[in-house]
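> Next come a sequence and a model predicted from it.
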Amino acid sequence: MAQNSAKPAADDTDDLATGSTAPRSDQRTLERALGSHVRRLRRQKDLSIADLSSSAGISSGMLSKIENGQISPSLSTLQQISSALGVQMSTLFAEFEEQRDCSFVRADQGVVIDRRGTKAGHIYRLLGHGLRDDVVVEPYLIELREDAMPYTNFQHAGTEFIYMLTGRVTYRHGEQIYELGPGDALLFDSAALHGPERLIELPSTYLSIIVYTRDQV
């Protein structure tokens with residue numbers, strides 16, 4: 001029996017989305033991009049909200065709302081903020097661009113990164129780097145070769161997601177130990193000590209995605 005391969009009607013596609021709870025991209029407004037950039041410039045100059053608001057001649061409450069994208073400031077207010085930051089007003093709009101970043105890495109072409117774990121035979125291959133905004137995303141393909149050694153003292157800011165591809169290990173996170181085989185996944189707070197404790201089947205490979213905010217660097 002022939003299968004119905006008809007595409008959804010145009011009106012039916014408007015609500016199609018992934019299962020993610022992330023907001024629609026059109027919620028990234030000019031105000032949010034502007035506020036994010038003002039916050040980043042303020043932090044780069046080691047200024048508190050009180051410092052910058054005082055220099056710009058506006059209230060701390062207004063500056064906080066601007067940084068959080070809650071209001072659309074007037075041009076005169078933006079001029080005061082840019083003068084207090086020592087930048088041209090056009091610089092404040094640099095974050096708002098229609099272009100959306102994308103990182104593409106072909107097979108076996110990821111950048112090999114020298115991390116502490118490489119000394120124990122853990123090979124880190126960076127598959128991309130994300131990208132702009134306040135959130136940093138670092139996806140790695142990690143290979144544990146035949147000469148790899150257990151190492152459970154990894155510790156860094158942010159959240160880490162591991163998806164096991166090949167081989168089998170026990171992975172420690174804090175006081176808990178998890179046995180991981182192909183298809184198993186682990187999501188954890190990477191501020192706790194973590195890493196592969198027992199290498200059951202080598203070589204092993206797994207995908208590791210580390211997410212953190214720039215203010216954690």
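Cool, the structure landed. All values derive from a computational prediction rather than experimental measurement.

> tell me which element residue 33 falls in.
In this assignment (DSSP states H and E), residue 33 forms part of helix 30-44.

> May I see the buried residues of that helix?
Within helix 30-44, the residues that count as buried by 16 or more other CB atoms under 10 Å are 31-42. Every C-beta, even on glycine, is put in place using the N, C-alpha and C of the backbone.

> leaving aside the residues next to it on the chain, what's closest to residue 138?
Excluding the flanking residues, the one nearest residue 138 by CB to CB, 6 or more residues apart in numbering is residue 210, at 4.5 Å.

> would you say that neighbour is within a strand?
Yes - assessed by DSSP: H, G, I helix; E, B strand; the rest coil, residue 210 belongs to a strand.

> tell me the contacts of it?
By CB atoms under 8 Å, 6 or more residues apart in numbering, residue 210 lies in contact with 137-140, 156, 158-160, 190.

> Could you dump the residues you listed into a markdown table and include distance to residue 150, neighbour count and pLDDT?
Converted to a markdown table, the contacts of residue 210 look like this (distance: CB to CB, whole Å; neighbours: other CB atoms under 10 Å; pLDDT from 0 to 100):
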| residue | distance to residue 150 | neighbour count | pLDDT |
| --- | --- | --- | --- |
| 137 | 27 | 15 | 87 |
| 138 | 23 | 18 | 89 |
| 139 | 23 | 19 | 92 |
| 140 | 18 | 23 | 92 |
| 156 | 18 | 12 | 91 |
| 158 | 23 | 17 | 92 |
| 159 | 23 | 13 | 95 |
| 160 | 18 | 21 | 96 |
| 190 | 18 | 19 | 93 |
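
> The residue nearest to residue 138 bridge partners, please.
Per DSSP bridges, the residues bridged to residue 210 are residue 138, residue 160.

> C-terminal to the least confident helix or strand in the chain by mean pLDDT, which secondary structure element comes first?
Using mean pLDDT, DSSP states H and E, strand 111-113 stands out as the lowest-scoring helix or strand of the chain, at a mean of 72. Counting by DSSP H and E, the next helix or strand C-terminal to strand 111-113 is strand 122-126.

> In terms of secondary structure, what does that next one contact?
In terms of contacts (3 or more CB pairs under 8 Å, 6 or more residues apart in numbering; DSSP states H and E), strand 122-126 is packed against strand 111-113, strand 135-144.

> any idea of the mean pLDDT in it?
Here strand 122-126 scores 86 as its mean pLDDT.

> Each with direction, which strands does it pair with?
Here strand 122-126 has these sheet partners by DSSP bridges: strand 111-113 (antiparallel), strand 135-144 (antiparallel).

> And that strand, what's buried?
By neighbour count on 16+ other CB under 10 Å, the buried set for strand 122-126 is 122-126.

> Residue 80: which of the helices and strands packed on strand 122-126 is closest?
strand 135-144 (28.7 Å; CB to CB).

> okay, that closest one in CSV with CA atoms only?
Taking Å, rounded to 0.1, in the frame of the first residue of the first chain, the C-alpha atoms of strand 135-144 are listed here in CSV:
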residue,chain,number,x,y,z
VAL,A,135,26.6,31.4,27.7
VAL,A,136,29.6,29.4,26.5
VAL,A,137,29.1,25.9,25.0
GLU,A,138,32.1,23.6,24.5
PRO,A,139,31.5,20.2,22.8
TYR,A,140,34.3,17.6,23.0
LEU,A,141,34.8,14.2,21.7
ILE,A,142,36.9,12.4,24.3
GLU,A,143,38.9,9.3,23.6
LEU,A,144,40.3,7.0,26.2
